[in-house]
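**Q** dropping the sequence and predicted coords here.
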Amino acid sequence: MERKDLIKITEEFVKAKMKGYDSGHDWWHIDRVRRLALHINDKESLANPFVVEITALLHDSADSKFAGDDVEACYNRIGDFLEESELAGIKKRVIDVIRNISFSNKNPSSAISDSLLHVVQDADRLDAIGAIGIARAFNYGGFRNNIIYNPDANGRGKSTIGHFYEKLLVLKDLMNTETGKKLAIERHNFLEMFLEQFYKEWDQQGN
């Protein structure tokens, strides 16, 4: 099977898996991460572009936020898909990257030498910050019925604004590649600008 056909059937597999995900983790998130990963890899030539694309497409197919207790079954389905799609040769590497890509994973990416992980992880993290990252954060917060902000917790605590401090503002310093680091600066600065305006408007409401 030609590579373009393998990409196509992978897209179809992923779109089917995305059903039930919120719109911050939908097909368009996958497509953005795919394009960012290919851009980073084009700049740095760290991994095979075809493997980068396949991995980026599959990176959220076993997301624990949506799979729940079914995570291992999701990994098994990904493995079966790769086997059936003549991609058995990259199965282990792709699944290893997917297992370690998440921000919540206990293994720091700096301890894992695979450049494929570094490229796709940077792309995924870039999509979590900047204007799109803000839109995704509030979309997911609404999806989970989280409060927007808890002033009694000084911006921290279980709220969407709290998520900025727990994750989003941390990501700039966790980028692996030089390209990822450069792209993260503008997006990080936008997060800070947004928070400054948010607090200004919140305080005006209280006066």
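**A** That came through fine. Worth saying up front: this structure is predicted, and the values here are computed from it rather than measured.
**Q** for the rest of this, base every contact and every neighbour count on C-alpha atoms.
**A** Fine.
**Q** walk me through the domains of the protein.
**A** As given by automatic domain parsing, the domain ranges for the chain are 1-102, 128-207.
**Q** just send those domains back as CSV, with mean pLDDT and mean neighbour count too.
**A** Formatted as CSV, the domains of the chain follow (pLDDT from 0 to 100; neighbours: other C-alpha atoms under 10 Å):
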stretch, mean pLDDT, mean neighbour count
domain 1-102, 91, 17
domain 128-207, 91, 16
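**Q** mind putting those into CSV with distance to Asp122?
**A** Listed next are the domains of the chain as CSV, based on distance: least, C-alpha to C-alpha, whole Å:
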stretch, distance to Asp122
domain 1-102, 7
domain 128-207, 6
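**Q** leaving out sequence neighbours, find the closest residue to the one residue sitting closest to the centre of the chain.
**A** Computing the C-alpha centroid of the chain and ranking residues by C-alpha atoms, centre = their mean puts Asp124 first, at 3.2 Å. Leaving aside its sequence neighbours, Asp124 sits nearest to Val33 (C-alpha to C-alpha, 6 or more residues apart in numbering; 5.5 Å).
**Q** ditto for Leu46
**A** Ser115 (5.9 Å).
**Q** do I have it right that that neighbour meets Asn48?
**A** No: using C-alpha atoms under 8 Å, Ser115 is not in contact with Asn48; the gap is 9.9 Å.
**Q** now for the longest helix seen in the chain, which elements pack on it?
**A** In the chain, taking DSSP state H as the definition, the longest helix is helix 178-205. Under the contact definition 3 or more C-alpha pairs under 8 Å, 6 or more residues apart in numbering; DSSP states H and E, helix 178-205 sits against helix 27-44, helix 115-126, helix 130-143.
**Q** just put those in a markdown table and tack on distance to Asp63.
**A** A markdown table is the format used below for these (distance: least, C-alpha to C-alpha, whole Å):
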| stretch | distance to Asp63 |
| --- | --- |
| helix 27-44 | 12 |
| helix 115-126 | 13 |
| helix 130-143 | 14 |
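**Q** go through the ones you listed and name the closest to Ile95.
**A** Evaluated over the helices and strands packed on helix 178-205, closeness to Ile95 peaks at helix 115-126, with 10.3 Å, by C-alpha to C-alpha.
**Q** which other residues reach that closest one?
**A** Identification of contacts with helix 115-126 by C-alpha atoms under 8 Å, 6 or more residues apart in numbering yields 33-34, 36-37, 40-41, 46-47, 52, 55-56, 97-98, 100-102, 109, 133, 171, 175-177, 180, 183-184, 187.
**Q** mind redoing it with 6 Å?
**A** Val33, Leu36, Ala37, Leu46, Ala47, Ala56, Val97, Ile101, Met175, Asn176, Gly180 (C-alpha atoms under 6 Å, 6 or more residues apart in numbering).
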